[in-house]
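Enquirer: Pasting the sequence and the predicted model now:
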Number of protein chains: 2
Amino acid sequence: MSLVLDQQAQDLLFRSARTANSFTDEPVTDEQVRAIYDLVKYAPTSLNMQPLRVVLVRSAEGRARLVERMGDGNKAKTSTAPLTAILAADTDFHDEFHRTFPHVPNVRDWFTGDDAVRAEVARFNGALQVGYFILGVRAAGLAAGPMTGYDAEGINKDFFPDGAHKVLAVVNIGKPGENAWFDRNPRLDYDDVVTTA
Amino acid sequence: MSLVLDQQAQDLLFRSARTANSFTDEPVTDEQVRAIYDLVKYAPTSLNMQPLRVVLVRSAEGRARLVERMGDGNKAKTSTAPLTAILAADTDFHDEFHRTFPHVPNVRDWFTGDDAVRAEVARFNGALQVGYFILGVRAAGLAAGPMTGYDAEGINKDFFPDGAHKVLAVVNIGKPGENAWFDRNPRLDYDDVVTTA
């Protein structure tokens, strides 16, 4: 075995963990989300930019608005999950560089020229953090049900009226319920993915 | 503590782990990369599309070509790391759906209409997998030095002449060397990142 990570942690985060499609009624507390964030915040982003923002949809009204924007196959599980989180990228992440990259005073200026480039950088680094967040949910002993099938413009309008945040994924979170997962789909082989130059 | 993941694993993957800027001479073997891939391949992507492809730059000629394309601040460490991997997205990931999503025979057709949309989906899901890969490197007891400062078009041309692969990140991998890291930059607070709706 070439891994240092213990087997139990490998199983919890990767091998036994599955995308859940149903959940029990057990609530997910703010303390659990706080513990997840306090772990995954340390994983790296370009220039430490940390564009990820998270909206916990707790109100009945917020839930109803969100479900309406989800694709048909995602509506039922988003209606019933103990907690649903909207993960988004803050395209104005550069306004935080004075706090996140304080030793380079002019780094904000690198990102003021082209809004489309800045949005793309936010999306890429936000996606890294979505990956970290999903593993963080699992680290808390919970199952994640990440989804990308929804009306993104509608979610952006409803939940981020400032126009500066763009949804990256919607994630149901909770303890897995009955028949929570489908059969696991095949993964590509090492030799399909890794080559040498 | 709201986390189930043990403290040692938390430290290995997130809390003590750091982006390395120098490395020892100790080689990184193909067996180690195989173990990393065999772990992180299980983490989720949309429709199980798995667009990530990895090029291990092992030859002196490949290394020289790559270093030339790196930004000035990334050249020295990319010259000397025991292993450098180019992580890229295969924008023709949909050609693998017959293997990766076999229960929905027509899913490939959803992605044939718009090459730009397909490239964007590949980039987003590839970025998720870059995040998983970085944590996988750490799971192998190694340090990762992910970089996004380079001539992307040049790398694409040099290493992916088929035109269908787009570099996402270049990652130095090895045991951390002397003065391997800078001071850790601040992370955003929970209340800056997480809100409730």
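Expert: Noted; the coordinates are in hand.
Enquirer: Just checking the distance from the top strand by length along chain A to the centre of its chain.
Expert: Counting by DSSP state E, the longest strand found in chain A is strand A:165-174. Its chain's average C-alpha position is 6 Å from that of strand A:165-174, according to CA atoms, centre = their mean, to the nearest Å.
Enquirer: can you pull the alpha-carbon coordinates of the next helix or strand after that strand into PDB?
Expert: Downstream of strand A:165-174, the first helix or strand assigned by DSSP states H and E is helix A:190-193. This file holds the C-alpha atoms of helix A:190-193, laid out as PDB (Å, rounded to 0.1, in the frame of the first residue of the first chain):
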ATOM      1  CA  TYR A 190      -5.500   4.200 -14.500                       C
ATOM      2  CA  ASP A 191      -4.200   3.600 -18.000                       C
ATOM      3  CA  ASP A 192      -7.100   5.500 -19.500                       C
ATOM      4  CA  VAL A 193      -6.400   8.500 -17.400                       C
END
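Enquirer: Quick one: residues in contact with stretch A:93-112.
Expert: Residues external to stretch A:93-112 that are found in contact with it (CB atoms under 8 Å, 6 or more residues apart in numbering or on different chains): A:47-51, A:117-118, A:121-122, A:125, B:185-188, B:192. Yep, even glycine has a C-beta here, placed from its N, CA and C like the rest.
Enquirer: what's around the closest residue to residue A:188 other than its chain neighbours, how many residues?
Expert: Sequence neighbours aside, residue B:50 is the residue nearest to residue A:188 in space, at 5.2 Å (criterion: CB to CB, 6 or more residues apart in numbering or on different chains). Residue B:50 has 27 neighbours, counted by other CB atoms under 10 Å in any protein chain shown.
Enquirer: What ranges does chain A have for its strands?
Expert: A:52-57, A:83-90, A:143-147, A:165-174, A:194-196.
Enquirer: for those strands, which one sits closest to residue B:18?
Expert: strand A:52-57 (19.5 Å; CB to CB).
Enquirer: So what are the sheet partners of the longest strand of chain A and their directions?
Expert: Strand A:165-174 pairs in its sheet with strand A:83-90 (antiparallel), strand A:143-147 (antiparallel), by DSSP bridges.
Enquirer: list the buried ones in it?
Expert: Judged by neighbour count using 16 or more other CB atoms under 10 Å in any protein chain shown, the buried positions of strand A:165-174 are A:165-174.
Enquirer: what mean pLDDT does it have?
Expert: Mean pLDDT, computed over strand A:165-174, is 98.
Enquirer: and it with strand A:52-57, angle?
Expert: Angle, strand A:165-174 to strand A:52-57, by axes from the mean of the first three to the mean of the last three CA atoms, to 10 degrees: 60 degrees.
Enquirer: Would you mind writing the CA trace of strand A:165-174 as PDB?
Expert: C-alpha atoms of strand A:165-174 as PDB (Å, rounded to 0.1, in the frame of the first residue of the first chain):
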ATOM      1  CA  HIS A 165     -22.400  35.400  -7.300                       C
ATOM      2  CA  LYS A 166     -22.800  32.500  -9.600                       C
ATOM      3  CA  VAL A 167     -24.100  29.100  -8.500                       C
ATOM      4  CA  LEU A 168     -21.700  26.200  -8.900                       C
ATOM      5  CA  ALA A 169     -23.600  23.300  -7.400                       C
ATOM      6  CA  VAL A 170     -26.500  22.500  -5.100                       C
ATOM      7  CA  VAL A 171     -25.800  19.900  -2.400                       C
ATOM      8  CA  ASN A 172     -28.300  18.000  -0.300                       C
ATOM      9  CA  ILE A 173     -26.800  17.000   3.000                       C
ATOM     10  CA  GLY A 174     -27.900  14.500   5.600                       C
END
